[in-house]
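K.L.:
A predicted structure for the sequence below; I have some questions about it.
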Amino acid sequence: MKAFYLLLTFPLLAQPTFTLTETVRQGELVHIETTASGKLHATLAKATGKTTVPLFPDGKGGMEGLLPVAVTDSVGLFDVVIATEDNRTLHTVKVHVVNGKYPIQNISASTSMKQLTPLPGEMEAMRALYTAVTPEKKFFTPFHLPVSECRNSPFGVLRYHNGKPSGNFHRGLDLRSPMGTPIHAPAAGTVRVAQMFRLHGGTVGIDHGQGVTSHYLHMSKIAAQEGQEVEPGDILGYVGSTGFATGPHLHWGLYVHSIPTNPERFVQGLKHCYVPPPPSAKKTKSRKK
Ligand SMILES: [Zn+2]
């Protein structure tokens, strides 16, 4: 009787549950939640290489994590494996990576813009930000908007410079915003970068914890300081056109375990600016008339 009672109170045989995003676009995230505990990690086996991220305590006795799928990752069905520290597999699930369908965007870069080079240490400081993984989660979703204006260049678009492929894609969102507009922290975190760079321009980078970092570029003036703890709404700096920029705007980047992801998935109510159709589309239309 006693043994039976113990079994009822301690369901030792209960299997942990695993909840994962099973369909994910290139450039977005697989959310992982499990009732299992201990030092766990998740690995996405890709067409080339793999991405492994740690899971963190979710505050309810289980673990959670964000597994990023890069814009450049192949589409298809891939295994995500949740495993222990000593690589014992606890769970495997097939995740469907679908095409992000990112369009091409041409930008007119002046000769002086194309000749911009980073300051010594600039790229290293950004890399240190992107790769930061501090265990404490300081962010909550949805994030606030850093400025209230509309989005004039989405995440992920394939960038052409003066009509030629740059070999790069847009690693954040551009928010059209007048010169001098205050830029607010969208979520809490620790400021890791606050510097007037040459290529990135006036830059603030925040570590939100658990592998989530964000950065704000082209500022005219920086208000935050490295090492500062910020809360949502705190002023980080002011909109400008410094570094590789064609006019005043905020470039907002959000990286998860050093992979660029779409900040738009973290906010609500972001307006899209009206973008006129490209000249070639207009021509086709007028010919039909
Ligand atoms: Zn941008």
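P.N.:
On my side now, so go ahead.

K.L.:
Who does the helix or strand that contains Asn106 pair with, and is each partner parallel or antiparallel?
P.N.:
Using DSSP states H and E, Asn106 maps to strand 104-107. Paired strands of strand 104-107, with direction, are strand 158-161 (parallel) (DSSP bridges).

K.L.:
Any part of the very next helix or strand once past the strand it pairs with near the ion?
P.N.:
Heading C-terminal from strand 158-161, the first helix or strand you meet, by DSSP H and E, is strand 164-169. No: Strand 164-169 lies out of reach of the ion by CB under 5 Å from the ion, never closer than 10.6 Å. To be clear about C-beta, it is placed using only N, CA and C from the backbone, and glycine gets the same treatment.

K.L.:
list the helices and strands strand 164-169 packs on?
P.N.:
strand 158-161 (3 or more CB pairs under 8 Å, 6 or more residues apart in numbering; DSSP states H and E).

K.L.:
Flag every buried residue along the strand it packs on.
P.N.:
For strand 158-161, a neighbour-count test (16 or more other CB atoms under 10 Å) marks 158-160 as buried.

K.L.:
I'd like the residues you listed written out as TSV, with pLDDT and distance to the ion added.
P.N.:
Below are the buried residues of strand 158-161 laid out as TSV (pLDDT from 0 to 100; distance: CB to the ion, whole Å):
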residue	pLDDT	distance to the ion
Leu158	89	13
Arg159	85	9
Tyr160	86	14
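
K.L.:
So for the strand holding Asn106, mean pLDDT?
P.N.:
For strand 104-107, mean pLDDT rounds to 84.

K.L.:
Present the buried residues of strand 158-161 as CSV; the columns should include distance to Leu175.
P.N.:
Shown next, in CSV, are the buried residues of strand 158-161 (distance: CB to CB, whole Å):
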residue, distance to Leu175
Leu158, 20
Arg159, 17
Tyr160, 21
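
K.L.:
Out of these, which comes closest to Gly121?
P.N.:
Arg159 (24.9 Å; CB to CB).

K.L.:
The closest one: what's it in contact with?
P.N.:
104-105, 107, 165-166, 168-170 (CB atoms under 8 Å, 6 or more residues apart in numbering).

K.L.:
so how far is Ile235 from Leu129?
P.N.:
Using CB to CB, to the nearest Å, Leu129 is found at 19 Å from Ile235.

K.L.:
of the two, who's got more company?
P.N.:
Leu129 (22 against 13; other CB atoms under 10 Å).

K.L.:
Doesn't that one belong to a strand?
P.N.:
No: if the criterion is DSSP: H, G, I helix; E, B strand; the rest coil, then Leu129 is helix and not within a strand.

K.L.:
can you tell me how far it sits from Glu33?
P.N.:
In this view, Leu129 and Glu33 are 27 Å apart by CB to CB.

K.L.:
repeat for Val191
P.N.:
Val191 is 29 Å from Glu33, where distance means CB to CB.

K.L.:
between those two, which one's more packed in?
P.N.:
Using other CB under 10 Å, the more surrounded residue of Val191 and Glu33 is Val191, with 21 against 16.
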